[in-house]
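A.B. asks: predicted structure and sequence below. I'll ask about it afterward.
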Amino acid sequence: MGTTSRPPMGWNSWDCYGTTVTEDEVLANARFMAEHLLPFGWDTVVVDIDWSDPTARSHGYNAGAPLTMDTHGRLLPDPGRFPSAADGRGFAPLAAQVHELGLRFGIHTMRGVPRLAVDRATPVPGTTATAVDIADPTNACEWNPDMVGLDHSHPGAQAYYDSTLALYASWGVDFIKADDMLWPYQAADIEAYARAIARSGRAIELSLSPGRDLSTTHEPHLREHATMWRICDDLWDRWEDVEANFARFARWAPLSGDGGWADGDMLPLGRIGLRAERGEPRDDGLTPDERVSLLTLWVIARSPLMFGGDLPTSDPGTVALLQNADVLAVHRDSRRNREVFREGPLVMWAADGHDGTAYAAVFNLGDEPLALSQDVSRVGFAASGGPEVRELWTGATFPRREVPVQSDDARGVAPGSAALDLALPPHGAVLLAGPAV
């Protein structure tokens, strides 16, 4: 279903504001993105979960919440947090303001129908059914109390999704993060949701969550119906969360591309936890080297990039990482992205670029510094000729060292080859560009 030639890039409110983000906070982040990040490809602003709950709070969900809803059981933005949504205007005024900045507007949705709609037996537009008729309470979300599943053997279930997507399209929504779709795998809902988007008449990118234990056997189905799909549970600002995604991306990166993207979740960087699900207000808990490693992995694996921190109050050094055009060119243009080596703390990735360029990412997952020499051919670089190998985060160049034929190089590079000498800090990475073989 995806149409994007590169993975989506943007901002999402979850890591900093959880369920409680306000219209003013969305617009502050949108304006910052338009001014500082749009020229680098960051173009999507997403309002995450529970925008209809007037009682939303940090650190959890509210059972029996008095969700804002229309007479057809379709959720509406809470006008207390989103004043422009008053009088049934929905997200249309906010989306218009985001569009005026040159950005796309996105929202979070949940699988199914609101419990409150079932309680009220709200009518399904275009049918004689009510929410009671189309509900499947046995397939409810395990972690959010607002919704119950849909009975897709009833035609009213598709009609309900059609009506909700028609509403979102009328607001000007460009991107939807549809949650509770992948664990367990909800094939019928994914198909019905994608069908409703197609019927809405608006080009809307579909992101599916969460990705706990997601199997690559689903890839053809996912690619047919969605733009991006999560391959992990929620990612937070802990090195163990980042490290766990190395193995997942190694499985999924070769399957990404052509408008369908494996998603390693949001980037929990910058100023996060302001009113979020986990933790108190803070600058993210990763070290500078860990931030570079996280971004390098997401870039070389061509994951969608959704920044989770509050942009206006995030550290300028963190924001500067999002403005590296050379790094983002790897994300935009590279192909055949793949893990090529993993042994102990050392992980290496390679990718093909344009015009005779190759890319490589080298990671130290260990807790100690790592000095190494690597045969340049292992990551796709030519042994000689062409420009020097360049590190894209810093701009530093690395000469290719000739290893004499008679040499017995103690660092494991074969005699007669060319080597790169690298020094990586704990949990550090380099992202390299050089002449391809």
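C.D. replies: All right, it came through fine.
A.B. asks: show me what secondary structure element comes after the longest helix seen in the chain.
C.D. replies: Across the chain, the longest stretch assigned as helix under DSSP state H is helix 155-171. Helices and strands here follow DSSP states H and E; after helix 155-171, the next one along the chain is strand 175-179.
A.B. asks: what is the helix or strand just after that next one packed up against?
C.D. replies: Sequence-wise, the next helix or strand beyond strand 175-179 is helix 187-200, with elements assigned using DSSP H and E. Packed against helix 187-200, as judged by 3 or more C-beta pairs under 8 Å, 6 or more residues apart in numbering; DSSP states H and E, are the following elements: strand 147-150, helix 155-171, strand 205-208, helix 219-225. The way it works is simple: take the backbone N, C-alpha and C, and place the C-beta from them, glycine included.
A.B. asks: can you state the direction angle for the longest helix of the chain and helix 187-200?
C.D. replies: The directions of helix 155-171 and helix 187-200 differ by 50 degrees, with axes from the mean of the first three to the mean of the last three C-alpha atoms, to 10 degrees as the criterion.
A.B. asks: what is helix 155-171 packed up against?
C.D. replies: Judged by 3+ C-beta pairs under 8 Å, 6+ apart, the packing partners of helix 155-171 are helix 92-100, strand 104-110, helix 131-134, strand 147-150, helix 187-200.
A.B. asks: just send the ones you listed back as JSON lines, with mean pLDDT and mean neighbour count too.
C.D. replies: Written out in JSON lines, the entries for the helices and strands packed on helix 155-171 read as follows (pLDDT from 0 to 100; neighbours: other C-beta atoms under 10 Å):
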{"stretch": "helix 92-100", "mean pLDDT": "99", "mean neighbour count": "18"}
{"stretch": "strand 104-110", "mean pLDDT": "98", "mean neighbour count": "23"}
{"stretch": "helix 131-134", "mean pLDDT": "98", "mean neighbour count": "21"}
{"stretch": "strand 147-150", "mean pLDDT": "98", "mean neighbour count": "23"}
{"stretch": "helix 187-200", "mean pLDDT": "98", "mean neighbour count": "19"}
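A.B. asks: make TSV out of those and add distance to Leu328.
C.D. replies: Below are the helices and strands packed on helix 155-171 laid out as TSV (distance: least, C-beta to C-beta, whole Å):
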stretch	distance to Leu328
helix 92-100	21
strand 104-110	17
helix 131-134	44
strand 147-150	36
helix 187-200	28
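A.B. asks: out of the ones you listed, which is closest to Gly386?
C.D. replies: When the helices and strands packed on helix 155-171 are ranked by proximity to Gly386, the top entry is strand 104-110, at 38.3 Å, counting by C-beta to C-beta.
A.B. asks: pairing partners for the next helix-or-strand element following that closest one, with directions?
C.D. replies: For strand 104-110, the following helix or strand on the C-terminal side (DSSP H and E) is strand 113-114. For strand 113-114, sheet partners with direction are given as strand 147-150 (antiparallel), following DSSP bridges.
A.B. asks: wait, Arg6 sits on His331?
C.D. replies: Yes - using C-beta atoms under 8 Å, Arg6 is in contact with His331, at 6.8 Å.
A.B. asks: isn't there a strand covering Asn144?
C.D. replies: No - going by DSSP: H, G, I helix; E, B strand; the rest coil, the assignment for Asn144 is coil, not a strand.
A.B. asks: what's the mean pLDDT across the longest helix of the chain?
C.D. replies: Model confidence over helix 155-171, given as mean pLDDT, is 98.
A.B. asks: would you mark the buried spots in that helix?
C.D. replies: Taking 16 or more other C-beta atoms under 10 Å as the basis for neighbour counts, the residues of helix 155-171 that come out buried are 156-169, 171.
A.B. asks: what does stretch 245-260 give?
C.D. replies: The neighbour-count criterion (16+ other C-beta under 10 Å) identifies 245-246, 248-250, 252-253, 256-257, 259-260 as the buried residues of stretch 245-260.
A.B. asks: how close does the residue nearest to Ser163 when sequence neighbours are not counted get to Asp162?
C.D. replies: Of all residues beyond its chain neighbours, the one nearest Ser163 is Pro125 (4.3 Å), with distances taken as C-beta to C-beta, 6 or more residues apart in numbering. When distance is defined by C-beta to C-beta, to the nearest Å, Pro125 is 8 Å away from Asp162.
A.B. asks: now do the shared contacts for those two.
C.D. replies: By the contact definition C-beta atoms under 8 Å, 6 or more residues apart in numbering, Pro125 and Asp162 are jointly contacted by no residue.
A.B. asks: who does the worst-scoring helix or strand of the chain on mean pLDDT touch, helix- and strand-wise?
C.D. replies: Counting by mean pLDDT, DSSP states H and E, the weakest-scoring helix or strand in the chain turns out to be strand 401-402, with a mean of 86. Taking 3+ C-beta pairs under 8 Å, 6+ apart as the contact definition, the neighbouring helices and strands of strand 401-402 are strand 418-424.
A.B. asks: contacts for the strand it packs on, please.
C.D. replies: Outside of strand 418-424, the residues that reach it under the criterion C-beta under 8 Å, 6+ apart are 362-364, 369-377, 381, 383-384, 389, 398, 400-403, 409, 411, 413, 430, 432.
A.B. asks: buried subset of those as a ChimeraX selection?
C.D. replies: The ChimeraX selection below is limited to those of these classed as buried (16+ other C-beta under 10 Å):
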select :362,363,364,370,372,373,374,375,376,381,383,389,398,400,403,413,430,432
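A.B. asks: circling back to that earlier point, in helices only, show me the buried residues of stretch 245-260.
C.D. replies: Using DSSP H, the subset of the buried residues of stretch 245-260 located in helices is 245-246, 248-250, 252.
A.B. asks: can you redo the residues you listed as a markdown table, where the extra columns are distance to Arg115 and pLDDT?
C.D. replies: Rendered in a markdown table, the data for those read as follows (distance: C-beta to C-beta, whole Å; pLDDT from 0 to 100):
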| residue | distance to Arg115 | pLDDT |
| --- | --- | --- |
| Asn245 | 34 | 98 |
| Phe246 | 39 | 98 |
| Arg248 | 33 | 98 |
| Phe249 | 36 | 98 |
| Ala250 | 40 | 98 |
| Trp252 | 34 | 98 |
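A.B. asks: which of those residues sits closest to Asp78?
C.D. replies: Out of those, the one with the shortest distance to Asp78 is Asn245. That distance is 33.5 Å, counting by C-beta to C-beta.
A.B. asks: where does the protein have low pLDDT?
C.D. replies: In the prediction, the chain carries residues with pLDDT under 70 at positions 1-4, 404-416.
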